[in-house]
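**Student:** All I have is the shape, not the residue letters:
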């Protein structure tokens, strides 16, 4: 598919909400897989942040509960995109290489099948849909689907005052995981500008 065609198709997708997004989504996921998320993000760096924003406007929990498999497909695309971008961005690459120990982080929605995880290990970040076994997790973010999406797009302060975002895990992990989440936000936005809304505490 030519670059201009995929860009127009994705722009059309992002302009939709509600039932329109629901109808277009299965075909759009197929287009993205065929084109390749890595290639798409090279040409459209902020696509994933805009896609999350489109979901956020469209009752994402309801949408995922009505479209079996959509939450998993989004999670898999999201983490494949983050992993590919992390290889190319020196700030993220340096942060991952400085990690003192591996990190295993689960992300679990309370109202939909929007569940996934990421792992920082050997200077790389990987992730996908589904949860790591609780014995293997170091930290977990929990909350409504829209809150977790706000976390990933930098629209949610990670502070104790935010009662809608719940966490589980030893408090010592906060100082390790918060910088990684800040860099994930910047990767998804396709910019190296600071993610100002994210604080230093979870």
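**Tutor:** Sure thing, it's come through. Bear in mind that the values here come from a model prediction, so they are computed numbers and not experimental data.

**Student:** For the helix or strand encompassing residue 95, which helices and strands make contact with it?
**Tutor:** Element membership for residue 95, per DSSP states H and E: helix 90-98. With contacts taken as 3 or more C-beta pairs under 8 Å, 6 or more residues apart in numbering; DSSP states H and E, helix 90-98 sits against helix 70-86, strand 124-129, helix 174-189. C-beta: built from backbone N, CA, C; applies to glycine.

**Student:** buried set for the last one?
**Tutor:** Read that as helix 174-189. Buried residues in helix 174-189, counted by 16 or more other C-beta atoms under 10 Å: 176-189.

**Student:** quick one, what contacts residue 188?
**Tutor:** Residue 188 makes contact with 46, 48-49, 52, 78, 81-82, 152-153, according to C-beta atoms under 8 Å, 6 or more residues apart in numbering.

**Student:** which among the residues you listed end up buried?
**Tutor:** Counted by 16+ other C-beta under 10 Å, those give 48-49, 52, 78, 81-82, 152-153 as buried.

**Student:** now the helices: where do they sit in the chain?
**Tutor:** Applying DSSP state H to the chain gives helices spanning 3-14, 18-35, 37-43, 47-56, 60-66, 70-86, 90-98, 145-152, 174-189.

**Student:** Quick check: can you list the domain ranges of this protein?
**Tutor:** 3-68, 90-189 (automatic domain parsing).

**Student:** Dump the ones you listed to a markdown table, plus distance to residue 74 and mean pLDDT.
**Tutor:** Shown next, in a markdown table, are these (distance: least, C-beta to C-beta, whole Å; pLDDT from 0 to 100):
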| stretch | distance to residue 74 | mean pLDDT |
| --- | --- | --- |
| domain 3-68 | 8 | 94 |
| domain 90-189 | 7 | 92 |
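
**Student:** Please tell me I have it right and residue 166 contacts residue 147.
**Tutor:** No. In this structure, residue 166 is not within contact of residue 147 by C-beta atoms under 8 Å, at 9.1 Å.
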